[in-house]
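[1] Build me a model:
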Amino acid sequence: MLYFPQLSSGATGQFPVTRQRTLRTVVNESTQGYDVKLADPAAAVTEWNLSFEELTDQELAALEALFQAAEGRLTPFTFLDPAGNLLAWSEQLNQPVWQADPLLTLSPNVADPFGGTAAYQVENPTAAVLQLQQTINAPASLNYCLSVHVRSDQTSQISLVRGTESTSKAVTSEWTRLISAGQVHSDAESMNFGIALDPGTTVQVFGFQAEAQTSASLYQQTTEIGSVYPAARFRDDTMTIRTVGPGRHSCSVNIINVEHL
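    Numbering: from 1, shown residues only. Okay, here's the model as predicted:
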């Protein structure tokens, strides 16, 4: 799998990151003079401009290796938006993209930490550990951060799952954003994120977010798609690199994702 590399810091990009999404509306004028307008989601185009400063020799080599393997604009690669939530349907845990173990109970319309009713109550009524998770098509070898807001009427434990890693966290009666971050050192070409509940545990959860970095940013709600782009491309066939000293490089790359390609 070709994928955009991370920096030694664990981040995919450096600030500022510029992202632009262009949508198209198809307009048809009838013989009576009326306009009929329809959205054309297949024509959506997303572009990023990533500027890098003070790259090490190893970081620059990783970027150049991807650019050469992709042959510039020719070959697509997987790009994880550094400014997005990788998970789809972050507030709709009953969507098929979420895999819940049998007998795990999900109850929607629970009061969330921001004054709405978008949280879920998750209950494990069995004598076994049960999981709720989502899998994305992205390299498991990268650094990832999983975060979710959790509370419970009784003090308990919950495990945040990142691939093969499971981190136990304490849950209190107050809404708390729990975070698990790091690298799992796996060669798998997919990565799963979620929670695991001990037998008899009931919690309320809100705002699942996965990011390709080592810390959590502000929560971003998602719907049918997350910020994983498996068919992104370099926009240009050239990449300009400036070297200002030993192990000190800078460059700017433009990445584009066209829905209909």
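[2] per the record, what domains does this protein have?
    Per automatic domain parsing, the structural domains of the chain span 17-83+228-258, 99-211.
[3] how close does the residue most central in space within the chain sit to Leu146?
    The centre of the chain sits closest to Leu86, judged by Cα atoms, centre = their mean, with a distance of 1.3 Å. Here Leu86 is placed at a distance of 10 Å from Leu146 (Cβ to Cβ, to the nearest Å). The C-beta positions use only the backbone N, C-alpha and C, and glycine is treated the same way.
[4] shared neighbours, these two?
    Phe193, Gln209, Ala210 (Cβ atoms under 8 Å, 6 or more residues apart in numbering).
[5] Which of those sits closest to Ala138?
    Ala210 (9.2 Å; Cβ to Cβ).
[6] Please read off the pLDDT at the residue nearest to the centre of the chain from the model.
    Note on Leu86: pLDDT of 98.
[7] Just give the closest residue to it, not the sequence neighbours.
    Leaving out its chain neighbours, the residue that sits closest to Leu86 by Cβ to Cβ, 6 or more residues apart in numbering is Ala210, at 4.3 Å.
[8] So which residues of the stretch 101-250 of the chain form strands?
    For the stretch 101-250 of the chain, the strands defined by DSSP state E, counting those that start in this stretch cover 105-110, 119-123, 130-136, 143-151, 156-162, 165-171, 176-183, 191-197, 202-211, 228-234, 241-245, 248-258.
[9] And these: which comes nearest Leu38?
    strand 248-258 (19.2 Å).
[10] report the angle between the axes of that closest one and strand 228-234?
    110 degrees (axes from the mean of the first three to the mean of the last three Cα atoms, to 10 degrees).
[11] Direction included, what does strand 248-258 pair against?
    Strand pairing for strand 248-258, using DSSP bridges, gives strand 45-55 (antiparallel), strand 228-234 (antiparallel), strand 241-245 (antiparallel).
[12] most packed of the ones you listed?
    Mean neighbours per residue, mean count of other Cβ atoms under 10 Å, is largest over the strands paired with strand 248-258 for strand 228-234, with a mean of 20.
[13] Show the average pLDDT along that strand.
    For strand 228-234, the per-residue pLDDT averages 96.
[14] Just the C-alpha atoms of that strand, please, in CSV.
    Taking Å, rounded to 0.1, in the frame of the first residue of the first chain, the C-alpha atoms of strand 228-234 are listed here in CSV:
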residue,chain,number,x,y,z
VAL,A,228,-9.4,8.7,4.8
TYR,A,229,-8.7,9.2,1.1
PRO,A,230,-7.5,6.0,-0.5
ALA,A,231,-7.2,7.5,-4.0
ALA,A,232,-5.4,10.8,-3.4
ARG,A,233,-2.7,11.9,-5.8
PHE,A,234,0.0,14.5,-6.1
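[15] List of residues touching it?
    Contacts of strand 228-234 (Cβ under 8 Å, 6+ apart): 4, 46, 67, 70, 72-81, 86, 136-138, 253-258, 261.
[16] now it: how far from the chain's centre is it?
    Mean-position distance between strand 228-234 and its chain equals 13 Å (Cα atoms, centre = their mean, to the nearest Å).
[17] from here on, count from 689
    Shifting the count to begin at 689 puts that one at strand 916-922.
[18] any low-confidence regions in the stretch 839-949 of the chain?
    948-949 (pLDDT under 70).
[19] just to revisit the earlier point, what would the strands paired with strand 936-946 look like in CSV with distance to Ser795?
    Shown next, in CSV, are the strands paired with strand 936-946 (distance: least, Cβ to Cβ, whole Å):
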stretch, distance to Ser795
strand 733-743, 35
strand 916-922, 28
strand 929-933, 54
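[20] Of all those strands, which one comes closest to Leu820?
    Across those, the minimum distance to Leu820, taken as Cβ to Cβ, is reached by strand 916-922, at 19.1 Å.
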